[in-house]
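A.B. asks: What would the 3D arrangement of this be:
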Amino acid sequence: MTKRILMLSVFVVASCGLAYELIAGALSSYLLGDSVLQFSTIIGCYLFAMGVGAHFSKFVDDEHVLARFIDIELAVGLIGGTSAALLFLSYAWLAAPFRTMLYVLVFLIGALVGMEIPLVMRALEARKTAFKELVSRVLSFDYLGALAVSLLFPLVLAPQLGLVRTGFVFGMANVAVAFWTLRAFRHELADISGRVLRAAVVMLVLVLGFLGADRMVHFGERGLFGDDIVYATSTPYQRLVITRWKDDLRLYINGNLQFSSRDEYRYHEALVHPMLEALPWARRVLVLGGGDGLALREVLRYPQIEQVTLVDLDAAMTTAFAQRPELVALNHGSFSDKRVRVVNTDAALWLERSSEMFDAVIIDFPDPSSFALGKLYSVPFYANVKRHLAAKGLVVVQSTSPFFAPHAYWTVDATLREAGLRTWPYHAYVPSFGEWGFILASPELDYTPPTRYRLPMRFLNAETTRAMFVFPPDMPALPMAPNRLNTQSLVHEFEQDWRRVIR
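C.D. replies: Numbering: from 1, shown residues only. Take a look at the predicted model:
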């Protein structure tokens, strides 16, 4: 019976150890971007720390193996369970450098986790377990636990509970291991009552943290965004937060501002109308991204448009902007228009499977701050867009800032041209973002910027449109290589550009 208890402990501690690693990687990716860099450095730090912990486990006396194992479970449960909350709150409110705290916590958790398995193996060895059976069983349960959490974390735990609550759940699992080890080996351990009391205190802290997780996240996001939060949700793909200050609604995705209601009309007029004004014959429009319905609002102003297909990955995004009154008012109820069809799926996969043709395509994705987004700015993706575009049609791409991120901006231009499209770069000033960039492209059309607009505009007229297609000396065109899937140079250029701005 005691052997089974220890084997079950191996399964649980392996699950918890990997969970803390995944939580740290996911949270740092949300807050810092560049998921490959974050996961790579965290995995490296964590595995190194596990090696350190495994080395120091040899200094535990044989007679104290179970006692130290229980102490370690309580320490892992407390530090690992609270790690997501501590990191999130420190990023939002504390002056301490986030990266320093991140790697200190990862190292501490990794070192403690690295001691667990060696101590369990020594406890089993003391119970006359044959060496070959000891190794095979321990490693089998260790790998099974890792498999279980690697499936549960992205599919169930992170989207349903969120990262902070998930951390507390696995912390409680570590403490549960300490409790059942105490019970199973109570005749071999000293100071049972003191250990039970410590375990109960840690469990209480974790339970209270789990129950108050929403308040902690809300408190942290108040520090991060500053304004009142009117809507927030974690989806399988991203964290959506909508804030309000007086009459200003703002959307943040993974902490990055997507629009401000005070000036979003500048962005969306610049995105949509220089293209559609040049295509009076356009009837079918494809919108990729744009789950807030604001680009859709501008497209639907044209009475000749017969059908608009909007493809956005996140159903939570389109549902919120189709149902919440303040958001519906912002996009003028665009999702309820009979001409609109919404498809919630990956845009790249949808393009590969669809055979539909369109007169105009609007690409309104978030900036290429990660490799998952970078693939949507690649040569194969734009070549696939071209396959769905009429020969004389136009595609417009949100392309980051030509002033703050010039290397990234001109990489997008080079990528479109590499895909066989003619391009017309332009820019507009949006107060919330500064100088922002767009690129028009077509397979065969000879595009000329509009000199007038049939619809009334708040921002665009002949003069502003003409100025948008002129780049001043401090925003020169740069010779850049196209963004290919195997290198994802755009993500690196984007990160380096913005790093220079921050410095």
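
A.B. asks: Please count neighbours and contacts with C-alpha atoms only from this point.
C.D. replies: Will do.

A.B. asks: Figure out the helix or strand that Leu313 lives in.
C.D. replies: According to DSSP states H and E, Leu313 maps onto no helix or strand at all.

A.B. asks: Spatially nearest residue to it (excluding sequence neighbours)?
C.D. replies: Counting by C-alpha to C-alpha, 6 or more residues apart in numbering, Leu313 lies nearest to Thr345, which is 4.4 Å off, once chain neighbours are set aside.

A.B. asks: okay, and for the stretch 401-503 of the chain, where does confidence drop off?
C.D. replies: Scanning the stretch 401-503 of the chain for pLDDT under 70 picks out the ranges 502-503.

A.B. asks: all helices of it, in order?
C.D. replies: With DSSP state H, counting those that start in this stretch, the ranges of helices along the stretch 401-503 of the chain come out as 406-418, 462-468, 489-502.

A.B. asks: contact partners of the second one?
C.D. replies: Among residues not part of helix 462-468, those counted as contacts by C-alpha atoms under 8 Å, 6 or more residues apart in numbering are Pro274, Tyr426, His427, Ala428, Pro449, Pro450, Thr451, Arg452.

A.B. asks: in the stretch 51-200 of the chain, which ranges drop under the pLDDT threshold?
C.D. replies: Along the stretch 51-200 of the chain, the model assigns pLDDT under 70 to residues 93-96, 124-139, 141-142.

A.B. asks: quick one: the helices in it?
C.D. replies: Assigned by DSSP H, counting those that start in this stretch, the stretch 51-200 of the chain shows helices spanning 65-93, 98-125, 131-152, 158-184, 192-211.

A.B. asks: what's the closest of those helices to Arg222?
C.D. replies: With C-alpha to C-alpha as the criterion, Arg222 lies closest to helix 65-93 of those, at 8.0 Å.

A.B. asks: Run the chain-centre distance for the closest one.
C.D. replies: Averaging C-alpha positions (C-alpha atoms, centre = their mean, to the nearest Å) puts helix 65-93 24 Å from its chain's average.

A.B. asks: 18 is where my numbering starts, stick with that
C.D. replies: Right, with 18 as the first residue, what we last looked at is helix 82-110.

A.B. asks: Just want the angle from that helix to helix 175-201.
C.D. replies: Going by axes from the mean of the first three to the mean of the last three C-alpha atoms, to 10 degrees, helix 82-110 is angled at 150 degrees with respect to helix 175-201.

A.B. asks: ok and helix 82-110 relative to helix 209-228, angle-wise?
C.D. replies: Following the same axes, to 10 degrees, one obtains 30 degrees for the angle between helix 82-110 and helix 209-228.

A.B. asks: which secondary structure elements does helix 82-110 contact?
C.D. replies: helix 19-49, helix 115-142, helix 175-201, helix 209-228, helix 230-242 (3 or more C-alpha pairs under 8 Å, 6 or more residues apart in numbering; DSSP states H and E).

A.B. asks: Give me whichever of the ones you listed is most buried.
C.D. replies: Across these, averaging neighbours per residue (mean count of other C-alpha atoms under 10 Å) puts helix 175-201 on top, at a mean of 23.

A.B. asks: coming back round to it: can I get the helices of the stretch 418-520 of the chain in a markdown table including mean neighbour count and distance to Leu180?
C.D. replies: Below are the helices of the stretch 418-520 of the chain laid out as a markdown table (neighbours: other C-alpha atoms under 10 Å; distance: least, C-alpha to C-alpha, whole Å):
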| stretch | mean neighbour count | distance to Leu180 |
| --- | --- | --- |
| helix 423-435 | 25 | 31 |
| helix 479-485 | 15 | 42 |
| helix 506-519 | 18 | 25 |
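
A.B. asks: Is it possible to get TSV of those helices that adds distance to Met492?
C.D. replies: Output for those, formatted as TSV (distance: least, C-alpha to C-alpha, whole Å):
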stretch	distance to Met492
helix 423-435	7
helix 479-485	12
helix 506-519	13
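
A.B. asks: So for Phe450, which of these sits nearest?
C.D. replies: For Phe450, the closest of those is helix 506-519, at 12.7 Å, according to C-alpha to C-alpha.

A.B. asks: any idea of the pLDDT on Met374?
C.D. replies: pLDDT recorded at Met374 is 96.

A.B. asks: Next one: Leu174 relative to Glu80, how far apart?
C.D. replies: Applying C-alpha to C-alpha, to the nearest Å, the value for Leu174 to Glu80 is 38 Å.

A.B. asks: Neighbour count: those two, which is higher?
C.D. replies: The residue with more neighbours, out of Leu174 and Glu80, is Leu174; 19 against 12, by other C-alpha atoms under 10 Å.

A.B. asks: returning to that earlier point: pipe the helices of the stretch 68-217 of the chain into CSV and attach distance to Leu274 per row.
C.D. replies: Shown next, in CSV, are the helices of the stretch 68-217 of the chain (distance: least, C-alpha to C-alpha, whole Å):
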stretch, distance to Leu274
helix 82-110, 15
helix 115-142, 20
helix 148-169, 30
helix 175-201, 21
helix 209-228, 28
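
A.B. asks: Relative to Gly70, which of these is closest?
C.D. replies: Checking these against Gly70 by C-alpha to C-alpha gives helix 115-142 as the closest, at 4.1 Å.

A.B. asks: counting contacts, what elements does that closest one pack onto?
C.D. replies: Partner elements for helix 115-142 (3+ C-alpha pairs under 8 Å, 6+ apart): helix 19-49, helix 52-73, helix 82-110, helix 148-169.

A.B. asks: what's the most buried one of those?
C.D. replies: Mean neighbour counts for these (mean count of other C-alpha under 10 Å) peak at helix 82-110, with a mean of 23.

A.B. asks: I'd guessed Leu64 sits against Gly127; true?
C.D. replies: Yes - with contact defined as C-alpha atoms under 8 Å, Leu64 counts as touching Gly127 (6.7 Å).

A.B. asks: Which pLDDT does the model give the closest residue to Ile270 other than its chain neighbours?
C.D. replies: Distances taken as C-alpha to C-alpha, 6+ apart put Leu257 closest to Ile270, at 4.9 Å, once the chain neighbours are dropped. pLDDT, Leu257: 83.

A.B. asks: okay, now the domains of this structure?
C.D. replies: Annotated domains of the chain cover 19-226, 239-275, 279-519 [automatic domain parsing].

A.B. asks: Near the residue nearest to Leu330, how many other residues are there?
C.D. replies: Neighbour count for Thr362, taken as other C-alpha under 10 Å: 13.

A.B. asks: swap in the one 10 residues further on?
C.D. replies: Ser372 has 9 neighbouring residues, counting by other C-alpha under 10 Å.

A.B. asks: give the contact list for it.
C.D. replies: When contacts are counted by C-alpha under 8 Å, 6+ apart, Ser372 is found next to His405.

A.B. asks: Secondary structure element holding it?
C.D. replies: Under the criterion of DSSP H and E, Ser372 resides outside all helices and strands.
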